[in-house]
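Asks: sequence and predicted model, in that order:
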Amino acid sequence: MQDFVAEGGLPYRATPFWLSLADEEPEACARNAHGVPVDPILAQALPSPAEALGSPLELRDPLGEAGNTIFERAVRQYRSRILVRATGQCFLFCRHCYRRALLPSELHFLDEAAIAALSEYLAVHPEVREVLVSGGDPLTASDAQLAGLFGAIRSVPRPILIRICTRAPIVLPARVGAELVDLLARTRPLTMVLHINHPRELSAPFLDRAEALMKAGIPLHSQTVLLRGINDAPDILIELFSTLSLRGIRPYYLFQGDLAAGTAHFRVPLSRGLAIYETLRKELSGLELPRYAVDAPGGGGKIYLPEGIVERKAKSWVLSASDGSLHEYPEEE
Ligand code: SF4
């Protein structure tokens, strides 16, 4: 793993495997007028001057997780599920990450007290049916650390679905060895949601590991962030989602970019995202088509698009969340 801290921002980190998926060498790659690499693999990994530009609309915590925190690293935004940020470590620090401001301060794995707090909370909240194990990337932790966390969840005497949110099989397929597959299989009911943004990420080693996970009974889903200059073209997304579906990985979500500080250069105007999605709806089958969604800025949960649109104003959209609350999302250039 290559690792160094870029001054004043999200650290740079990428695996040699991830960089091998690029068509160019990182040191000499072509960059656009804002200094962002043109190659879709390098654009997700290499810091650029555009990250310092910021926008007054952007937030450090764009999903409002702080306001929904129930105890250290645990977020409850929905009645039936809890999200746990197991670690701030990632094999690849994605430049568009909406938790980019949080990760550097949460690099250690959950400690024993936090894990105990989780199982105690689950024990007295029977309405919680699912725990999302996120981060960072939880698979940066050792198998022993993961087994400790899973064991605490499984100590609660009712079935709870564990959802692992990860990029590990894509950016470091070797992490998904036989021992990890076995641990995950023993921990079922467990499902995995893979963050995948471009067809170039569907490498042979990744597909091999995905096959191993599915053979072990782990259902795989994908989530994709709509990213300017990386995948904001229908033909790229059609190739991505149809290939995923063919391989047995269910395209689950296509996310409109969150208003995370330093990511304006990646966001696609919502009007354009809606036009792209309209094309996807025509070209993809129901099995291949993910749901298009945006997280309400500052909290409020997921809003499906275009269903959640209430009104378009001159420079923003009014969106309605599932609880009926209204939220504004900007129409950017
Ligand atoms: S792997 Fe996930 S948590 Fe880590 S930087 Fe990328 S998007 Fe963020």
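Replies: Structure's in. What do you need? Computed from a prediction, not measured in an experiment: that's the story for all the values here. Numbers count the residues shown, from 1 in each chain.

Asks: who does the helix or strand containing Val193 pair up with?
Replies: Assigned by DSSP states H and E, Val193 belongs to strand 190-195. Next to strand 190-195 in the sheet, as set by DSSP bridges, lie strand 161-166 (parallel), strand 220-225 (parallel).

Asks: tabulate those (TSV), appending distance to Ala114 and mean pLDDT.
Replies: Quick note: C-beta positions are derived from backbone N, CA and C, even for glycine. Shown next, in TSV, are the strands paired with strand 190-195 (distance: least, Cβ to Cβ, whole Å; pLDDT from 0 to 100):
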stretch	distance to Ala114	mean pLDDT
strand 161-166	16	98
strand 220-225	25	98
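
Asks: what would the ones you listed look like in JSON lines with distance to the ligand and mean neighbour count?
Replies: As requested, those are exported to JSON lines (distance: least, Cβ to the nearest ligand atom, whole Å; neighbours: other Cβ atoms under 10 Å):
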{"stretch": "strand 161-166", "distance to the ligand": "7", "mean neighbour count": "20"}
{"stretch": "strand 220-225", "distance to the ligand": "8", "mean neighbour count": "21"}
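
Asks: tell me the helix or strand right after the strand holding Val193.
Replies: Assigned by DSSP H and E, the successor of strand 190-195 is helix 204-215.

Asks: give me the pLDDT for the closest residue to Glu179 other than its chain neighbours.
Replies: Distance criterion Cβ to Cβ, 6 or more residues apart in numbering; nearest residue to Glu179, sequence neighbours excluded, is Asp143 at 5.7 Å. Residue-level confidence at Asp143 comes out at 98, pLDDT.

Asks: equivalent analysis for Met1, please.
Replies: Per the predicted model, pLDDT is 45 at Met1.

Asks: repeat that for Gly8.
Replies: Gly8 is given a pLDDT of 51.

Asks: same check, this time on the one 4 residues further on
Replies: According to the model's per-residue confidence, Tyr12 sits at a pLDDT of 95.

Asks: for it, phi and psi?
Replies: For Tyr12, the backbone dihedrals (degrees, to the nearest 10) come out as phi -90, psi 130.

Asks: quick one: it and Arg85, what's the gap?
Replies: Tyr12 sits 21 Å away from Arg85, going by Cβ to Cβ, to the nearest Å.

Asks: tell me which of these two has more neighbours.
Replies: Per other Cβ atoms under 10 Å, whichever of Tyr12 and Arg85 has more neighbours is Arg85, with 24 against 17.

Asks: pLDDT score assigned to the nearest residue to the more buried one once chain neighbours are set aside?
Replies: Spatial nearest neighbour of Arg85, chain neighbours left out: Arg73 (4.5 Å); criterion: Cβ to Cβ, 6+ apart. Per-residue confidence (pLDDT) for Arg73: 93.

Asks: just checking, Arg73 touches Leu83?
Replies: No - assessed by Cβ atoms under 8 Å, Arg73 is found out of contact with Leu83, at 9.0 Å.

Asks: can you show me the strands along the stretch 201-333 of the chain?
Replies: 220-225, 250-255, 291-295, 302-305, 309-312, 316-320, 326-330 (DSSP state E, counting those that start in this stretch).

Asks: for stretch 241-261, buried residues please.
Replies: 241-245, 249-261 (16 or more other Cβ atoms under 10 Å).
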